[in-house]
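Asks: 3D model of this:
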Amino acid sequence: MTETSAARIPVNLITGFLGVGKTTAVANLLAGKPADEFWAVVVNEFGEVGIDGATLSVAGDGLQVAEVPGGCICCTTSPMLRVNLNKLVQGRRPDRILIEPSGLGHPAGIIDLLRDPFMAKTFEVRAVLTLVDARHLEDARYTRNETWRDQIELADVLVLNKVDLADAEQIDRAEAMGRALFPPKLAMVSTRKGVIDPALLDAPLDPARWISEHKLPEAHQHAPLTPSRKPASVAASAELPQGDLPVRKTQSSLGSHACGWVFSDQVMFDSGAIADLFEAMNDATSLDLVGLQRAKGVFQTERDWYRFDWVDGYPSANLSAWRRDTRFELIVAAEQAPDWQAVEQRLLAARIRPAANASA
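Replies: Residues are numbered from 1 along each chain as shown. The predicted model follows:
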């Protein structure tokens, strides 16, 4: 049984590829922290000599810096992250912990560690901020790099940094990329020199947020969070999934109908049952989905997290770095909306058990 959210320590990941400006961004966040709060930073550098930790250590009072050099806390030295976090709370208890993983790491492993039932008693995963250089979208060394893509996929908040060094076309391309991402981001902000509003660390993790690829009225879409618009508290977020039941959202406009389901990260699905669901979409009558145009989802399964897609009769599945929740969306072109309840029953039947009990 985990403690209440208020009793746990908020933890934020600040991720991004090498040279994107993570350490500068962390230093700026530390400069903007409340004066009466004590924060801790865990810095991970791939090399053996900790330069970033030394840089952050001069940030002033009210701060503790723990370094994990010589590897990646996402993989090879992950036990050291557990050790360092436990050491941090044995001394003066931090009001917040920032983790800056190596730019070469897949940070999804850190989220998995923090959500371990034992660790979740003490630590609460808050918004993950990923920094991206808009100029990198033109460079195959980044766009074809699995780690670069995973860092973007994992993000709750996408930060386009160093926009002063990019031209208007590069920025437009990066913003278009961010808007097209599924699952959608809580926020996408542009900045220079790593200046980030600390309010984004507590962006409300409301899973009922959507970015639609189809043309539905703007009024149906959630407004993006910007630094000038302070987020509400996490507890104030509406329509959070309860237990293993989902939030369901529907939209209809001009003969196009969409329905999406969002499950808590505590729900686990049978990978075979989800694969069968996507295969069944090739027979529109089996699910009453005549006119199906698109199906997509990210699911936590007994194997791992997977992204499933159905496009033009071709289902596919790939590993996903997403960790925030399980979500599934369908888009259908028809005079009347399908029987969404029938699809929902198929989803409910694919559940295995709450993820928190998976290791029990």
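Asks: quick check, residue 258 in a strand?
Replies: Yes - using DSSP: H, G, I helix; E, B strand; the rest coil, the assignment for residue 258 is a strand.
Asks: so it makes contact with residue 291?
Replies: No - using Cβ atoms under 8 Å, residue 258 makes no contact with residue 291, being 11.9 Å away. C-beta here means a position set from N, CA and C on the backbone, and glycine is covered the same way.
Asks: who's more crowded, these two?
Replies: Neighbour totals were compared for residue 258 and residue 291, and residue 258 leads with 23 against 15 (other Cβ atoms under 10 Å).
Asks: tell me the pLDDT at that one?
Replies: Note on residue 258: pLDDT of 90.
Asks: and it, how far is that from residue 341?
Replies: Distance from residue 258 to residue 341, counting by Cβ to Cβ, to the nearest Å: 15 Å.
Asks: Ok, residue 244 next?
Replies: Taking Cβ to Cβ, one finds residue 244 at 17 Å from residue 341.
Asks: So for these two, which sits in the more crowded spot?
Replies: Comparing residue 244 with residue 341 by other Cβ under 10 Å, the one with more neighbours is residue 244, at 16 against 10.
Asks: where does the closest residue to residue 296 other than its chain neighbours fall, phi/psi-wise?
Replies: In this structure, residue 296 finds its nearest non-sequential neighbour in residue 309, 5.1 Å apart by Cβ to Cβ, 6 or more residues apart in numbering. With angles defined as degrees, to the nearest 10, residue 309 sits at phi -140, psi 150.
Asks: And the strands in the stretch 101-250 of the chain, which stretches?
Replies: Listed in chain order, the strands of the stretch 101-250 of the chain (DSSP state E, counting those that start in this stretch) span 123-125, 129-133, 157-161, 187-190, 247-253.
Asks: want to throw those into JSON lines with mean neighbour count and mean pLDDT?
Replies: Shown next, in JSON lines, are those (neighbours: other Cβ atoms under 10 Å; pLDDT from 0 to 100):
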{"stretch": "strand 123-125", "mean neighbour count": "21", "mean pLDDT": "94"}
{"stretch": "strand 129-133", "mean neighbour count": "25", "mean pLDDT": "96"}
{"stretch": "strand 157-161", "mean neighbour count": "24", "mean pLDDT": "95"}
{"stretch": "strand 187-190", "mean neighbour count": "22", "mean pLDDT": "92"}
{"stretch": "strand 247-253", "mean neighbour count": "16", "mean pLDDT": "86"}
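Asks: Quick one: these as JSON lines, columns for distance to residue 267 too.
Replies: As requested, the strands of the stretch 101-250 of the chain are exported to JSON lines (distance: least, Cβ to Cβ, whole Å):
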{"stretch": "strand 123-125", "distance to residue 267": "16"}
{"stretch": "strand 129-133", "distance to residue 267": "25"}
{"stretch": "strand 157-161", "distance to residue 267": "24"}
{"stretch": "strand 187-190", "distance to residue 267": "25"}
{"stretch": "strand 247-253", "distance to residue 267": "12"}
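Asks: Between those, which one is closest to residue 331.
Replies: With Cβ to Cβ as the measure, strand 247-253 is the member of those nearest residue 331 (9.3 Å).
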